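Asks: predicted structure and sequence below. I'll ask about it afterward.
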Amino acid sequence: MPIHPTALVDAGARIAETAEIGPYCVIGADVEIGAGTRLMANLYIEGPTWIGEDNVFYPYSTVGVASQDLKYKGERAETRIGSRNRIREFVTIHRGTEGGGALTRIGDDNLLMAYTHVAHDVQLGDHCVLANGVTLAGHVTIGDHAVIGAFTGVHQFCRIGRHAMIGGYSVVTQDVLPFSTTVSERVIRIFGANRNGLERRGFTPDAIEPLQNLFRILTRSKLNTSQAIERIREQVPLTKEVEEVLTFISESQRGIVK
């Protein structure tokens, strides 16, 4: 396998024959790296960490290191990264903790741009884009196809729904609804359906328009959330996407961005 002579690979690591380990990488014990994955240079990876196939890790990232959570006492916890992800420069990915299921998980086909931080017990779905400097606190959950703008911070335990887009420099302290476009200025607000993103991903007008009507009632009707939901159920076609948003609201523990 192509391992650069300056790389340090622990004998307990399991590296696929077609993986590539570049100059000055340090790979610890109990690390597994799948076929076709490329570590360009100066990567530091601690186990237990499992990395899938055809990922590209750009220089100076750290993966699987201990949590910054002061409650973490060295208990066994894992990091799992899927396939075909692009991890750019200076990304930090911390392993899980006992209090969060002992697992930090990143799915498939994600782009984590430079200086992104993924804290302990984060659950990141598939096909997500995290722009430069995005900071995910512990226990954050992000659905598939979410896009998070540069230098956005997401508070512990917050959820970001599928196909949501969050504008840059946002401060997210509550759950962000699926399919929405959300940005914070001084106060974080929802602006409506993520129309452009949904159209690019093949959603039809019959799926998008009910969402747009849902968000209009939820954010502009001057009704409280319960009253708005009642009106939505009366006036908006209950498509599967609308039902997903309503279920997301009903399951929220921190409140939702309106």
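Replies: Everything's here; your move.

Asks: so where is the stretch 51-200 of the chain shaky, pLDDT-wise?
Replies: Regions of the stretch 51-200 of the chain meeting the criterion pLDDT under 70 cover residues 186-188.

Asks: helices of that one, start to end?
Replies: Assigned by DSSP state H, counting those that start in this stretch, the stretch 51-200 of the chain shows helices spanning 195-200.

Asks: how is residue 213 assigned, secondary-structure-wise?
Replies: Following DSSP: H, G, I helix; E, B strand; the rest coil, residue 213 is assigned to helix.

Asks: okay, now it: neighbour count?
Replies: 17 (other Cβ atoms under 10 Å). Glycine gets a C-beta too; all of them are placed from N, C-alpha and C.

Asks: what's the closest non-adjacent residue to it?
Replies: residue 236 (4.9 Å; Cβ to Cβ, 6 or more residues apart in numbering).

Asks: quick one: that neighbour and residue 217 touch, right?
Replies: Yes. Applying Cβ atoms under 8 Å, one finds residue 236 in contact with residue 217, separated by 7.1 Å.

Asks: what number of residues lie near residue 191?
Replies: Neighbours of residue 191 (other Cβ under 10 Å): 13.

Asks: list the contacts of the nearest residue to it once chain neighbours are set aside.
Replies: Closest residue to residue 191 apart from its sequence neighbours, by Cβ to Cβ, 6+ apart: residue 181 at 5.0 Å. Going by Cβ atoms under 8 Å, 6 or more residues apart in numbering, residue 181 touches 164, 165, 167, 190, 191, 192, 193, 194, 195, 197.

Asks: those residues in strands, which ones?
Replies: 165, 190, 191, 192, 193 (DSSP state E).

Asks: top of the contacts of residue 181 by neighbour count?
Replies: residue 194 (29 neighbours).
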